[in-house]
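Chemist: build the 3D model from these lines:
(2 chains)
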Amino acid sequence: LAKTTQPISMDSYEGQEVNITCSHNNIATNDYITWYQQFPSQGPRFIIQGYKTKVTNEVASLFIPADRKSSTLSLPRVSLSDTAVYYCLVGFNSGGSNYKLTFGKGTLLTVNP
Amino acid sequence: SAVISQKPSRDICQRGTSLTIQCQVDSQVTMMFWYRQQPGQSLTLIATANQGSEATYESGFVIDKFPISRPNLTFSTLTVSNMSPEDSSIYLCSVEGLDSSEQFFGPGTRLTVL
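Modeler: Numbering: from 1, shown residues only, chains lettered A, B, ... in the order given. Have a look, this model is predicted:
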């Protein structure tokens, strides 16, 4: 499984757009890029997944350049409740037969008032 | 989405004892996963549990220490055996979503071993 590297922590302020970049230089052809969010005392929660270019949902956007060696999670107009640890994961989604998540260290995002 | 509950939510145990953690899902799922999250650390996969077959353990985890049961498609248990303070962690179960693009996690069981 491809290893990921992301900043240990980031600080932001309410209302700002936050971009968290993840490096995955050894990503394989079949690998997808997935981001999870974890609040204290809770299990991780799926945010977004992509393979290439740009993916957007109601929560975030995911930007993936053509070489797919990195990806950027973009959170628009963050609020205090977005303070959490954000994990970037890379792995092969084999359609249900064996998708094992490998979590890196994650990025602690702190949103300040 | 899937709603997952775990019991107990937390426990404090004595060294040398065992604790069984239950994971209940509100829908039938093929695969269930058990993770460990040590204090201040990321999540580490312990094993994958399929209904009707033996659990598959990741490197560093063995069945004697973490026996798993998967009696049906909505339930699984993880036992932490012969506990030591190093087993103090949060233990989480998860299941795959219908399209397998995401996993849903339970709230976790916070275990403290004295």
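Chemist: so what strands line up beside the helix or strand bottoming out on mean pLDDT in chain A?
Modeler: The weakest-scoring helix or strand in chain A, judged by mean pLDDT, DSSP states H and E, is strand A:84-92 (a mean of 89). Sheet pairing for strand A:84-92, assigned by DSSP bridges, gives strand A:31-38 (antiparallel), strand A:107-112 (antiparallel).
Chemist: of those, flag the one that's most buried.
Modeler: Compared across the strands paired with strand A:84-92, strand A:31-38 shows the largest average neighbour count, a mean of 22 (mean count of other CB atoms under 10 Å in any protein chain shown). No exception for glycine: its C-beta is placed from N, CA and C like everyone else's.
Chemist: CA atoms only for that one, dumped as PDB, please.
Modeler: Taking Å, rounded to 0.1, in the frame of the first residue of the first chain, the C-alpha atoms of strand A:31-38 are listed here in PDB:
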ATOM      1  CA  ASP A  31      -5.200   3.100  -6.000                       C
ATOM      2  CA  TYR A  32      -7.900   5.500  -5.000                       C
ATOM      3  CA  ILE A  33      -7.400   8.500  -2.700                       C
ATOM      4  CA  THR A  34      -9.700   8.800   0.300                       C
ATOM      5  CA  TRP A  35     -10.000  11.300   3.100                       C
ATOM      6  CA  TYR A  36     -11.400  10.700   6.500                       C
ATOM      7  CA  GLN A  37     -12.200  13.000   9.400                       C
ATOM      8  CA  GLN A  38     -12.000  12.100  13.000                       C
END
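Chemist: pLDDT of that strand, averaged?
Modeler: Strand A:31-38 shows a mean pLDDT of 92.
Chemist: beyond it, next helix or strand please.
Modeler: Moving toward the C-terminus from strand A:31-38, the next helix or strand (DSSP states H and E) is strand A:45-50.
Chemist: can the helix or strand just after that next one be said to contact chain B?
Modeler: The helix or strand immediately downstream of strand A:45-50 is strand A:53-56, counting by DSSP H and E. No: using CB under 8 Å from any CB of the partner chain, strand A:53-56 stays clear of chain B, with a minimum separation of 10.9 Å.
Chemist: what helices and strands are in contact with strand A:53-56?
Modeler: Applying 3 or more CB pairs under 8 Å, 6 or more residues apart in numbering or on different chains; DSSP states H and E, we find strand A:53-56 packed against strand A:61-64.
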